[in-house]
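A.B. asks: Any chance you could fold what I've pasted below:
(one chain, ligands or ions: 2)
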Amino acid sequence: MAKIGIDLGTTNSLAVCWKNNKPVLVRNSFNETSTPSVVSVDDENDVVMVGKVAQERLISHPDVSISEFKRDMGLRKDIFLAGREFTPESLSALVLKKIKADAEEYLGEEIDEAIISVPAYFNDSARSATKLAASLAGLNVERLINEPSAAALSYLYSSGFSDQTLLIIDFGGGTLDCSLVETFDGIIEILAVSGNNRLGGKDFNDVIANYFCKQSNLNYNALSPLNRSIIYKAAELAKINLSTSMSTNIKANIDNQEYSVPIDNNKLIKISSCLFAQIKAPIDKVLRDSRLKIDAIDNIILVGGSSKMPTFRAFIKEITGKAPSSEVNPDTAIALGAGIFAEIKNRNQDLKDIIMTDICPFSLGVGTLDSMTGEHITEFIISRNSSLPTSKIRSFYTTSPMQTHVKFDIYQGESLIPSKNLLLGQLEVDFDNPEQKIQEIRVKMSYDINGILIVDVEGKSGHLGDKIIMNKDCELSEADIDVLRERIKSSSVMGRNEEKNAHIIARAERLYEESMDYERHLIIAGLQKFKITMAGNSIKDMNEAYNQLQSLLDSIEGDNE
Ligand code: ADP
Ligand code: MG
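C.D. replies: Residues are numbered from 1 along each chain as shown. Ligands and ions are numbered 1, 2, ... in the order given. As a prediction, the model looks like this:
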């Protein structure tokens, strides 16, 4: 039984195992290290697809395909695909099930444990949901690791563990995450974290797509969902091209008409100025929270796919006055860090001197009435950026004699006004023997090592633990979890052997949607021929038909770029 590290990303997921005494990225059936976090259902054949095949189907089968569910982790949400019911946890569980299967194939060994990285700003419910997803996929998760901590670990592992202060900026598909990390004598300590979970590569795609529509006299809102996704994809492709060349064209076929709009990096900066303007705030916040000046930073580490934008890199240099390090691979650093951490947990002697401390990203408090003003306020018990694990005890008192019941709202967040914070749930305490006098209740609140909340209550007569009911607002019941577990177990996820053919069919179907009439005829003809040879049993014919279809699709796609 082996243990792996997993970067369960919004856009892509990666896994790392330990091989020949070093961290190694797991390769999936396409021999690739990153697997798109996308799920698609094929109801006809009763199979669930995860990863690259599902990603192709986002355009050709949008009703039964889904991506970006990580954003909803911890929220109660029912998602229906082909009449089947999913939740953000169960979709993540399917991704994990696939990652686990690929890693087992790659390692030739069963995997039962994982270290999973989560955004530092993930709240209690999102963290619990991630653990639940892992357990649904048959993985035991001893530890969650914050993504920036994982990035720091991977950077330090490859650069040698010297003492330094790092600013880590993770700019992904939908989020920007900043952290200050100090390393001293093998101890990696997160000093502060901050971020914006509504700012990422996706927003640049939107801005470019809007610009394309404006320049082409297209009304984005009046377009069909298919045309919108074609434009969105073209915008993303243009953005990625701008990482390696100064200018490119945003190209799309809309209702049989070809559009092409030129764009360069200067234009990109201009049209996305509102996005750049939001990047500085979280950086300032981590510096302020850790009482450090920018001069104290030895190195800036950029990770996440969007940090590959040269405009982003240049912007960071401009606002900090420091050139970011180019020593880490922005796509794999987090997964590698999770993998290294899994090996630390395996007690590898070479890594025994590394100690990592994590912190909680949000303050924790209870709702109370201000004794002076009578207003509802948040009384903070644990402040943000406290090292994990941490716990605090606070006394509360009943307000009237013979009181039989006390109830607190528990919040995560920084606002004095309770309703502006995230309500995690309610804590209720019942007294079996109410007394005439005011009673003291001691509430112990803890964040465990994973940043998950644990509450315990003591009364004068000792431990009241059994009498408390903690209604975590977002938590599923045991019965709900059993139903999900059964569903994940019985979902047949497409096997590695079928993926290659399924992928080329999905790609042909996607290109069909994106193409003009004359290309569509070619695609249909090629696809039919491929399906006919697939039904036959000559491997030689099959390979030939596959290669033919692939060259056709490559040539059509090449023309679009
Ligand atoms: P997440 O952590 O959210 O899963 P990633 O770190 O994988 O995301 O980043 C995905 C984002 O990175 C997407 O928005 C994608 O468009 C963007 N991206 C990937 N490669 C490049 C590139 N070469 N240039 C610019 N953006 C890129
Ligand atoms: Mg990421």
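
A.B. asks: Residue 527: which element?
C.D. replies: Element membership of residue 527 [criterion: DSSP states H and E] is helix 517-535.

A.B. asks: could you check the angle helix 517-535 makes with whatever helix or strand comes next after that helix?
C.D. replies: On the C-terminal side of helix 517-535, the closest following helix or strand by DSSP H and E is helix 539-560. Orientation of helix 539-560 against helix 517-535 (axes from the mean of the first three to the mean of the last three Cα atoms, to 10 degrees) gives an angle of 160 degrees.

A.B. asks: Check which helices and strands helix 539-560 is in contact with.
C.D. replies: helix 496-514, helix 517-535 (3 or more Cβ pairs under 8 Å, 6 or more residues apart in numbering; DSSP states H and E). Using the backbone N, CA and C atoms, a C-beta is placed for each residue, glycine as well.

A.B. asks: can you tell which of these is closest to ligand 1?
C.D. replies: helix 496-514 (17.2 Å; Cβ to the nearest ligand atom).

A.B. asks: helices or strands next to that closest one in the packing?
C.D. replies: Against helix 496-514 (3+ Cβ pairs under 8 Å, 6+ apart) you get strand 47-50, helix 52-60, helix 88-107, helix 225-241, helix 517-535, helix 539-560.

A.B. asks: And these: which comes nearest ligand 1?
C.D. replies: helix 225-241 (4.3 Å).

A.B. asks: Can you give the contact residues for the next helix or strand after the closest one?
C.D. replies: Per DSSP H and E, the first helix or strand lying C-terminal to helix 225-241 is strand 247-254. Here strand 247-254 makes contact (Cβ atoms under 8 Å, 6 or more residues apart in numbering) with 208, 211-212, 216, 218, 223, 227, 230-231, 234-235, 237-238, 241-242, 258-265, 514-516, 560-561.

A.B. asks: Spatially nearest residue to residue 383 (excluding sequence neighbours)?
C.D. replies: residue 363 (5.0 Å; Cβ to Cβ, 6 or more residues apart in numbering).

A.B. asks: quick one, what contacts that neighbour?
C.D. replies: Contacts of residue 363 by Cβ under 8 Å, 6+ apart are 380, 382, 383, 384, 412, 413, 414.

A.B. asks: Tell me, how many residues neighbour the residue of the stretch 51-200 of the chain found nearest ligand 1?
C.D. replies: Closest to ligand 1 within the stretch 51-200 of the chain is residue 172: 2.8 Å, counting by Cβ to the nearest ligand atom. Per other Cβ atoms under 10 Å, the neighbour tally for residue 172 reads 26.

A.B. asks: What values do phi and psi take at it?
C.D. replies: phi -110, psi -150 (degrees, to the nearest 10).

A.B. asks: Which residue, other than its chain neighbours, is closest to the closest residue to ligand 1 within the stretch 101-250 of the chain?
C.D. replies: Nearest residue of the stretch 101-250 of the chain to ligand 1 (Cβ to the nearest ligand atom) works out as residue 201 at 2.1 Å. Closest residue to residue 201 in three dimensions, ignoring its sequence neighbours and counting by Cβ to Cβ, 6+ apart: residue 306, at 3.9 Å.

A.B. asks: now swap in residue 114 and tell me
C.D. replies: Excluding the flanking residues, the one nearest residue 114 by Cβ to Cβ, 6+ apart is residue 139, at 4.6 Å.

A.B. asks: likewise residue 46?
C.D. replies: residue 492 (6.6 Å).

A.B. asks: wait, what's in contact with that neighbour?
C.D. replies: Taking Cβ under 8 Å, 6+ apart, one finds 46, 47, 48 in contact with residue 492.

A.B. asks: Adding neighbour count, write the residues you listed out as CSV.
C.D. replies: Shown next, in CSV, are the contacts of residue 492 (neighbours: other Cβ atoms under 10 Å):
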residue, neighbour count
46, 12
47, 17
48, 24
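
A.B. asks: export the residues you listed to TSV and tack on pLDDT and distance to residue 10?
C.D. replies: Formatted as TSV, these follow (pLDDT from 0 to 100; distance: Cβ to Cβ, whole Å):
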residue	pLDDT	distance to residue 10
46	83	28
47	91	24
48	94	19
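
A.B. asks: how about TSV for those residues, with distance to ligand 2 added?
C.D. replies: Formatted as TSV, those follow (distance: Cβ to the ion, whole Å):
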residue	distance to ligand 2
46	32
47	28
48	23
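
A.B. asks: How many residues are close by the closest residue to residue 34 other than its chain neighbours?
C.D. replies: Distances taken as Cβ to Cβ, 6+ apart put residue 12 closest to residue 34, at 4.2 Å, once the chain neighbours are dropped. Counted by other Cβ under 10 Å, the residues lying close to residue 12 total 22.

A.B. asks: Can you verify my assumption that residue 12 contacts residue 32?
C.D. replies: No: using Cβ atoms under 8 Å as the test, residue 12 is too far from residue 32 to be in contact (9.7 Å).

A.B. asks: which ones are touching the residue of the stretch 101-250 of the chain closest to ligand 1?
C.D. replies: Residue 201 touches 11, 171, 172, 173, 174, 236, 239, 305, 306, counting by Cβ under 8 Å, 6+ apart.

A.B. asks: Residue 378: what's its closest spatial neighbour, skipping adjacent residues?
C.D. replies: residue 365 (4.3 Å).

A.B. asks: Can you tell me the SS state at that neighbour?
C.D. replies: Taking DSSP: H, G, I helix; E, B strand; the rest coil as the rule, one finds residue 365 in the strand state.

A.B. asks: Dig out what it forms beta bridges with.
C.D. replies: residue 380, residue 411 (DSSP bridges).

A.B. asks: Check what pLDDT it gets.
C.D. replies: Here, the pLDDT recorded for residue 365 equals 91.

A.B. asks: Kindly report the same for the one 3 residues further on.
C.D. replies: According to the prediction, residue 368 has pLDDT 84.

A.B. asks: Could you list every helix and strand in contact with whichever strand or helix holds it?
C.D. replies: Per DSSP H and E, residue 368 falls inside strand 364-369. Helices and strands touching strand 364-369, by 3+ Cβ pairs under 8 Å, 6+ apart, are strand 376-382, strand 390-397, strand 405-412, strand 440-447.

A.B. asks: Using a markdown table, lay out the ones you listed together with mean neighbour count.
C.D. replies: Output for the helices and strands packed on strand 364-369, formatted as a markdown table (neighbours: other Cβ under 10 Å):
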| stretch | mean neighbour count |
| --- | --- |
| strand 376-382 | 18 |
| strand 390-397 | 14 |
| strand 405-412 | 20 |
| strand 440-447 | 18 |
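
A.B. asks: Kindly provide the whole-number mean pLDDT of the helix or strand where residue 165 lies.
C.D. replies: Per DSSP H and E, residue 165 falls inside strand 164-171. On average, the pLDDT along strand 164-171 is 95.

A.B. asks: Same check on stretch 332-350?
C.D. replies: 93.

A.B. asks: Which residues in that stretch does the neighbour count mark as buried?
C.D. replies: 332-345 (16 or more other Cβ atoms under 10 Å).

A.B. asks: Name the nearest of these relative to residue 122.
C.D. replies: residue 334 (13.4 Å; Cβ to Cβ).

A.B. asks: wouldn't the closest one be in contact with residue 6 here?
C.D. replies: No: assessed by Cβ under 8 Å, residue 334 is found out of contact with residue 6, at 9.6 Å.

A.B. asks: what sits in contact with each of these two?
C.D. replies: Common neighbours of residue 334 and residue 6 (Cβ under 8 Å, 6+ apart) are 14, 117.

A.B. asks: just to revisit the earlier point, the residue of the stretch 101-250 of the chain closest to ligand 1 and residue 176: what is the separation?
C.D. replies: 10 Å (Cβ to Cβ, to the nearest Å).

A.B. asks: before we move on, the earlier item: who's in contact with the residue nearest to residue 114?
C.D. replies: By Cβ under 8 Å, 6+ apart, the contact set of residue 139 is 96, 100, 111, 112, 113, 114.

A.B. asks: What is the least confident helix or strand in this structure?
C.D. replies: Least confident helix or strand, the chain: strand 462-463 with a mean of 55, by mean pLDDT, DSSP states H and E.

A.B. asks: what's the closest of the helices and strands packed on helix 496-514 to residue 454?
C.D. replies: The nearest among those, by Cβ to Cβ, is helix 88-107 at 20.1 Å.

A.B. asks: Brilliant, that's me finished.
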